[in-house]
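Trainee: Here is a sequence with its predicted model. Questions after.
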Amino acid sequence: MSLNSLKTPSLVLDIERVRQNAARMSDVTKRNNVRLRPHIKTHKCIEVARIQTAGHNGAITVSTLAEARAFAKHGFSDITYAVPIERGKFDAAIEILLRGVKLRLLTDDADTVKELDQAAGKAGIKFDVFLKIDCGTHRVGVEPNTREAIEIPRTISDSKNLNFAGILTHAGHSYDVKTKEQILEVARHERDSMVELAERLRSHGVEVPTASVGSTPTMSVVDHLDGIDEIRPGNYIFFDNYQATLGSCSFEDTALTVLAAVIHKDTTRNRLVIDAGGIALSKDRGPVGLDPTCGYGRVLDLEGNETGMRVTGLSQEHGEVDAGEMDERFKVGDRVRILANHSCLTAAQHSHYNVLENGEIVDRWEIHRGW
């Protein structure tokens, strides 16, 4: 099947680039002697996860319990739910564990530890629980130099129905820097702050089975991972306009695009309108700090070549493209491919991937969405 035969808008996944990206991150784990637990929220796809985990132990990270349920049905049995657990999700987590899945949870709240211990006891099960650490993102987690960073792990360890799984962090602030050198600084701080905390916990008599780190930018440039046990990057499998602009990858590494049709050509205003709007692309603002003209994605031709145009405006089902000097290559009905700013959000807008190999669509892979 050819690209021109697909309905628009739709996702196009370059499978060769996916394989190359998976192999590159596998090399990172082997060089640094760490385990890989990829974050599958980027793609939410069984087939992609199998590519990522080939040659590894099959462990994955999820961001929703719906992802955990879907992947458990397809044989993934070692899962970390990497959002702080709250009491409204206790029953769902218990149900997943009772299916035979090794489901690890995380928290940064002492009261939640006590409530989860009670709920696990009533269910007759035990949970492995990580302490979520804030290494600089300031979204969730406890800061590593605080009293809570010692007390909460001790409370987990002392609980009858919980096992302390270790410490876990995510350097999300690596997306906010401007150079690869600055990414490396964040990567080193992410690693060093976790290693130092693990040593401090051990000096207080608390065993730390796992120190878990990893964002795509930091794991793409980190110089070493001494003292770290596992990494959990996610976006690396597809990359996107943000990552390529930031320097985590090259534009030739980006694997996911949105196929769209030109539905209007405005020669007066030098613009094209495509049938991929906010629903198909998401409204992620992208790397505006690095490229103020990034818009909502780069416009590529059908072969994936850069056109120099950007998606400059979005409504629900329309995308406006600034064509500059009107490009005569495109007319109404022609197809283009959009390299979106954020592949994770874009993928979550769709039901499936159209798998591209050697210029042809060879398969269709489901996306497992929901909470």
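Mentor: Nice, thanks for sending it over.

Trainee: and after the host helix or strand of V113, which helix or strand comes next?
Mentor: V113 belongs to helix 110-123 when assigned by DSSP states H and E. Downstream of helix 110-123, the next assigned helix or strand under DSSP H and E is strand 127-133.

Trainee: now that following strand: mean pLDDT?
Mentor: Averaged across strand 127-133, pLDDT comes to 98.

Trainee: Restricting to C-alpha, output that strand in PDB.
Mentor: What follows is strand 127-133 as a C-alpha-only set of coordinates in PDB (Å, rounded to 0.1, in the frame of the first residue of the first chain):
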ATOM      1  CA  PHE A 127       3.400  -3.900  46.600                       C
ATOM      2  CA  ASP A 128       6.900  -2.800  45.600                       C
ATOM      3  CA  VAL A 129       7.000   1.000  46.100                       C
ATOM      4  CA  PHE A 130       9.600   3.500  44.800                       C
ATOM      5  CA  LEU A 131      10.200   6.900  46.400                       C
ATOM      6  CA  LYS A 132       9.800   9.600  43.700                       C
ATOM      7  CA  ILE A 133      12.700  12.000  43.700                       C
END
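
Trainee: and stretch 335-353, how far apart are its ends?
Mentor: In stretch 335-353, first residue to last residue: 17 Å (C-alpha to C-alpha, to the nearest Å).

Trainee: Show me what counts as buried in the helix or strand encompassing E67.
Mentor: Taking DSSP H and E as the definition, E67 sits inside helix 65-73. By neighbour count with 16 or more other C-beta atoms under 10 Å, helix 65-73 contains the buried residues 65, 67-72. C-beta: built from backbone N, CA, C; applies to glycine.

Trainee: Columns distance to M1 and pLDDT on top of those residues, output as TSV?
Mentor: Below are the buried residues of helix 65-73 laid out as TSV (distance: C-beta to C-beta, whole Å; pLDDT from 0 to 100):
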residue	distance to M1	pLDDT
L65	35	98
E67	28	98
A68	33	98
R69	31	98
A70	26	98
F71	28	98
A72	32	98
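
Trainee: List just the nearest of these to L116.
Mentor: Among the buried residues of helix 65-73, L65 lies closest to L116 (C-beta to C-beta), at 14.3 Å.

Trainee: How many residues are close by the nearest residue in space to that closest one that is not next to it in sequence?
Mentor: Spatially, and ignoring its direct neighbours in sequence, L65 is nearest to A92 (4.9 Å; C-beta to C-beta, 6 or more residues apart in numbering). Residues lying near A92 (other C-beta atoms under 10 Å) number 17.

Trainee: any idea which helix is longest in this protein?
Mentor: helix 180-203 (DSSP state H).

Trainee: mind listing what's buried in that one?
Mentor: Of all the residues in helix 180-203, those buried under the rule 16+ other C-beta under 10 Å are 182-184, 186-187, 189-191, 193-195, 197-198, 201.

Trainee: The very next helix or strand once past it packs against which elements?
Mentor: The helix or strand immediately downstream of helix 180-203 is strand 210-213, counting by DSSP H and E. Counting contacts by 3 or more C-beta pairs under 8 Å, 6 or more residues apart in numbering; DSSP states H and E, strand 210-213 is packed against strand 162-169, helix 180-203, strand 230-231.

Trainee: mind redoing it with 10 Å?
Mentor: Where contact means 3 or more C-beta pairs under 10 Å, 6 or more residues apart in numbering; DSSP states H and E, strand 210-213 is packed against strand 102-107, strand 127-133, strand 162-169, helix 180-203, strand 230-231.

Trainee: Can you tell me which helices and strands the next helix-or-strand element following that strand packs against?
Mentor: Per DSSP H and E, strand 210-213 leads on to helix 216-221 as the next helix or strand towards the C-terminus. Contact here means 3+ C-beta pairs under 10 Å, 6+ apart; on that basis helix 216-221 packs against helix 15-32, helix 180-203, helix 241-246.
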